[in-house]
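> Please work out how this folds:
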Amino acid sequence: PSVTALNATPTPINQGQSVNISVNVTDNFNLSNVILQITRANGSAFNISMILLSGITYNATLITTNGDPPGQWNITIIANDTSNNVNNSIQTNITVNDVTTPLVMAFTVSPATPNHGQNTNISVNVSDNFRVGTVLAQVTRSNGSSFNVSMNLLSGITYNYTLIPTALEPAQGWNITIIANDTSNNVNNSIQTNITINDTTAPRISSLNATPTPINQAQNTNITTLFTDETQRDTILAQITRANGSSFNVSMNLLSGNTYNYTLLTNIGDAPGQWNITTIGNDSNGNINSTIQTNITINDITRPSVTTLNTTPLSINQTGQSNISVNATDNFRVNTVLAQITRSNGSGFNLSMNLISGITYNATLTTSLGDAPGLWNITIIANDSSNNINNSVRINLTINDITNPSVTALNATPTPINQGQSTNISVNINENFRIDTALIQITRPNGSAFNASMSLGTGLNYNYTLVTTIGDAPGQWNITIIANDSSSNFNSSMSTNIR
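Below is the predicted model of the structure:
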């Protein structure tokens, strides 16, 4: 048979649509049948008998289904006459478009409420009327950011992916949408679910600084820190621990971006030394980070306070005692309290004062017989543990001289002498403070007497030259030394005689 004018209309078509196939067939004798042989894109084939439409034109309608394989379908005409002569040389083809989206079902996420760092398994069944191309899980975080991950074919039609939300990712509600794409680019993204990420991650705190440091009491220091968290921030505190162990919390203020700030103002009464600063970051889920610390140094610049200085009594004799008491306080800690004693001769020494109760310090000053009499100065030197010194408070004490001068080595040379001759009288006089006068009392044999001042020679030696006259009474003359100091203590116990 002769086969001509083979035509398939329309082409291409979508799955589920039909196509009309017509062909002209003639034979020199008599036709038996005209067969339409259809070979699908997957290689499977079937035959359709064509119907004589009119004249020499044969016709058949091909109806596809949604499940038919897409792609190129081959059409071959098989014309057979009554003598079994066959013509199967005429062919054409049509294209069947895949318009069926993949089928997505059995979508599960387990667990549906994982913690940060915990695995959650995403599983789904995906099938297609022809062939699945890719299966993606589109993950949208609670902050709106998203990413796609390729799911792996586990077995049969089951695809799988393990999602691990990290500590750096936001918590709360995440959306997971399955994007199933076949080889014809038909997409099914209609299947989705939600999971909740539990925030178990403490906020991140870095770059904790305090500037300047060290500072003096009553100065400021600026505290800054960087605070980041994937969920909503709740509070940022600075925990301030003073050098004495007492502490307090302050709320830090958002400066810009992730930077928080607080200005710490100290006062003159604050404890000096090292202060520790700990940042306490709390997010909206109650996760706390209190691991970041720094420290500053507070310098003590306050002198101790010294009040109520007393000495009892205010006037004592040599070898006597006087009680010195004073009140000394400090904004932090008193270290030592000294009584600086300056004698009337300018020499001095320090007495350590003892804390007897509360803020009262005490020391007992004991003088000796050889101490210089007169006005003594007492200055209190209060030193705190930061070496701040207060030496501005002082008082005076009077030491009374009760020591007689010492008289020794009384000598008169020559003796005896004649009337009209002279003799030299010398004596050593020593005094713990100051000699006022040194007199020599001379008593003649007839009982008459007179006093004369002795002259200081060298060192302790005093001297007087007695000159007699021709008319002086002969016999034994008595000589007594009268030494008087500046406190009116005198010694008249030393005597000798000449002839």
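
> Show me the strands in the stretch 101-250 of the chain, by range?
Ranges of strands in the stretch 101-250 of the chain, per DSSP state E, counting those that start in this stretch, are 103-110, 120-127, 132-140, 146-150, 152-155, 158-163, 172-182, 187-197, 204-211, 215-216, 220-228, 233-241, 247-251.

> Tell me the buried residues in the first one?
If I follow you right, that is strand 103-110. 104, 107, 109 (16 or more other Cβ atoms under 10 Å). Using the backbone N, CA and C atoms, a C-beta is placed for each residue, glycine as well.

> With T415 as the reference, name the closest of the strands of the stretch 101-250 of the chain.
With Cβ to Cβ as the criterion, T415 lies closest to strand 215-216 of the strands of the stretch 101-250 of the chain, at 80.7 Å.

> partner strands of the closest one, parallel or antiparallel?
Next to strand 215-216 in the sheet, as set by DSSP bridges, lie strand 293-299 (parallel).

> what is the rounded mean pLDDT of the partner strand?
Regarding strand 293-299, the rounded mean pLDDT is 95.

> So what angle separates the directions of it and strand 220-228?
On the basis of axes from the mean of the first three to the mean of the last three Cα atoms, to 10 degrees, strand 293-299 is oriented at 180 degrees to strand 220-228.

> After strand 293-299, which helix or strand is next? Please name it.
Later in the chain than strand 293-299, the nearest helix or strand by DSSP states H and E is strand 305-312.

> my read: V326 touches S305, true?
No - contact criterion Cβ atoms under 8 Å: V326 and S305 do not qualify, at 10.6 Å.

> And those two? Which one has more around it.
V326 (23 against 15; other Cβ atoms under 10 Å).

> Excluding chain neighbours, what is closest to that one?
Counting by Cβ to Cβ, 6 or more residues apart in numbering, L309 is the residue found nearest to V326 once chain neighbours are left out, at 4.6 Å.

> Identify the residues contacting that neighbour.
324-326, 378, 380, 393-395 (Cβ atoms under 8 Å, 6 or more residues apart in numbering).

> try N152
159-161.

> of the residues you listed, closest to I75?
Y159 (36.9 Å).

> mind checking how far the residue nearest to the closest one when sequence neighbours are not counted is from V132?
Among residues not flanking Y159 along the chain, M151 sits closest, at 4.0 Å (Cβ to Cβ, 6+ apart). In this structure, M151 and V132 are 11 Å apart, going by Cβ to Cβ, to the nearest Å.

> same check, this time on Q138
From Q138 to V132 the distance is 17 Å (Cβ to Cβ).

> same question, M252
According to Cβ to Cβ, M252 and V132 sit 54 Å apart.

> likewise I280?
52 Å.

> With N267 instead?
74 Å.

> Next SSE downstream of whichever strand or helix holds L36?
Remark: L36 resides in strand 31-39, with elements defined by DSSP H and E. Sequence-wise, the next helix or strand downstream of strand 31-39 (DSSP H and E) is strand 45-49.

> Please put the alpha-carbon coordinates of that following strand into PDB.
Extracted C-alpha coordinates of strand 45-49, given in PDB (Å, rounded to 0.1, in the frame of the first residue of the first chain):
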ATOM      1  CA  ALA A  45       4.100   0.400  22.700                       C
ATOM      2  CA  PHE A  46       0.500  -0.300  21.700                       C
ATOM      3  CA  ASN A  47      -1.600  -0.300  18.500                       C
ATOM      4  CA  ILE A  48      -4.700   1.600  17.500                       C
ATOM      5  CA  SER A  49      -6.900   0.600  14.500                       C
END
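
> so what strands line up beside the helix or strand just after it?
Counting by DSSP H and E, the next helix or strand C-terminal to strand 45-49 is strand 51-54. Sheet pairing for strand 51-54, assigned by DSSP bridges, gives strand 57-63 (antiparallel).

> what does the partner strand rub up against?
Contacts of strand 57-63 (Cβ under 8 Å, 6+ apart): 5, 8, 18-25, 34, 36, 38, 48-53, 75, 94.

> Neighbouring strands - and their directions - for the strand or helix carrying I395?
I395 is part of strand 389-400 when elements are defined by DSSP H and E. According to DSSP bridges, strand 389-400 forms sheet pairs with strand 315-317 (parallel), strand 374-384 (antiparallel).

> Turn these into a markdown table, including distance to T57, mean neighbour count and mean pLDDT.
Shown next, in a markdown table, are the strands paired with strand 389-400 (distance: least, Cβ to Cβ, whole Å; neighbours: other Cβ atoms under 10 Å; pLDDT from 0 to 100):
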| stretch | distance to T57 | mean neighbour count | mean pLDDT |
| --- | --- | --- | --- |
| strand 315-317 | 153 | 16 | 95 |
| strand 374-384 | 122 | 20 | 97 |
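
> got JSON lines for those, with distance to T211 too?
Formatted as JSON lines, the strands paired with strand 389-400 follow (distance: least, Cβ to Cβ, whole Å):
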{"stretch": "strand 315-317", "distance to T211": "58"}
{"stretch": "strand 374-384", "distance to T211": "27"}
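
> quick one, which of these is nearest to T403?
Comparing the strands paired with strand 389-400 under Cβ to Cβ, the one sitting nearest is strand 315-317, at 9.5 Å.

> Which strands or helices does the helix or strand following the closest one pack on?
Later in the chain than strand 315-317, the nearest helix or strand by DSSP H and E is strand 321-329. Helices and strands touching strand 321-329, by 3 or more Cβ pairs under 8 Å, 6 or more residues apart in numbering; DSSP states H and E, are strand 305-312, strand 334-342, strand 360-366, strand 374-384.
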